[in-house]
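In: pasting the sequence and the predicted model now:
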Amino acid sequence: MYRIIALAALVTLASLVSPTLATAGTTPSPAGAHVYIGYPNDGQVVPANKPFRVWFGLRYMGVAPKGVKYPNTGHHHLLIDTDLPPMDQEIPNDRNHLHFGAGETETMIQLPPGKHTLQLLMGDDMHMPHNPPVYSKKITVIAR
């Protein structure tokens, strides 16, 4: 009996400490869903301190605004110079996590000179990552 309690406590503690054991949100993503950055390309030079276009690609899934709960849909979040957030929490909304809750599929951004990373993450009607999460490859752009 004590071994069962100890094992349960260990599993609970591990799930709190280890991010790999955390689950994503409760909204299912469709099989094969794929999000990607269509422009700019990985390694591309973009103008520093001037707006440039970023467009979002999505396959096998639809786009719906925040608050619209419809199967197999979500909306884009652009992550700039940051890693993926915890998949079991609402996606942050700050200068590194841009929300496109109106259903936008492109944007204009401006970056200071230097090397930057861009990545897309789909969120459900409440800004939670899907289960399984749908995110793009992280790309690097150079602003000069």
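Out: Sure, I can see it. Nothing here was measured: the structure is a model prediction, and the numbers come from that model.

In: is it true that residue 109 touches residue 50?
Out: No. Counting by CB atoms under 8 Å, residue 109 stays clear of residue 50, with 10.2 Å between them. For every residue, glycine as well, the C-beta is placed using N, CA and C.

In: these two - which one has more neighbours?
Out: residue 109 (16 against 10; other CB atoms under 10 Å).

In: so who does the residue lying closest to that one once chain neighbours are set aside touch?
Out: Leaving aside its chain neighbours, residue 109 sits nearest to residue 54 (5.8 Å; criterion: CB to CB, 6 or more residues apart in numbering). Residue 54 makes contact with 37, 39, 40, 78, 106, 107, 108, 109, 118 under the criterion CB atoms under 8 Å, 6 or more residues apart in numbering.

In: and the helix or strand encompassing the last one, how far out from the chain middle?
Out: When you say that, I think you mean residue 118. Assigned by DSSP states H and E, residue 118 belongs to strand 114-123. Centroid separation for strand 114-123 versus its chain: 8 Å, with CA atoms, centre = their mean, to the nearest Å.

In: the helix or strand just after it packs against which elements?
Out: The C-terminal neighbour of strand 114-123 among helices and strands, as given by DSSP H and E, is strand 139-143. For strand 139-143, the packing partners by 3 or more CB pairs under 8 Å, 6 or more residues apart in numbering; DSSP states H and E come out as strand 45-46, strand 114-123.

In: dump these into JSON lines; add mean neighbour count, mean pLDDT and distance to residue 31 as well.
Out: Shown next, in JSON lines, are the helices and strands packed on strand 139-143 (neighbours: other CB atoms under 10 Å; pLDDT from 0 to 100; distance: least, CB to CB, whole Å):
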{"stretch": "strand 45-46", "mean neighbour count": "15", "mean pLDDT": "98", "distance to residue 31": "34"}
{"stretch": "strand 114-123", "mean neighbour count": "19", "mean pLDDT": "98", "distance to residue 31": "14"}
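
In: can you pull the pLDDT of residue 16?
Out: Per-residue confidence (pLDDT) for residue 16: 42.

In: could I get the contacting residues of the residue most central in space within the chain?
Out: In the chain, the centroid-proximal residue (CA atoms, centre = their mean) is residue 121; its distance is 1.9 Å. With contacts defined as CB under 8 Å, 6+ apart, residue 121 is in contact with 35, 76, 77, 79, 84, 85, 91, 129, 133, 134, 135, 136.

In: done for today, thanks.
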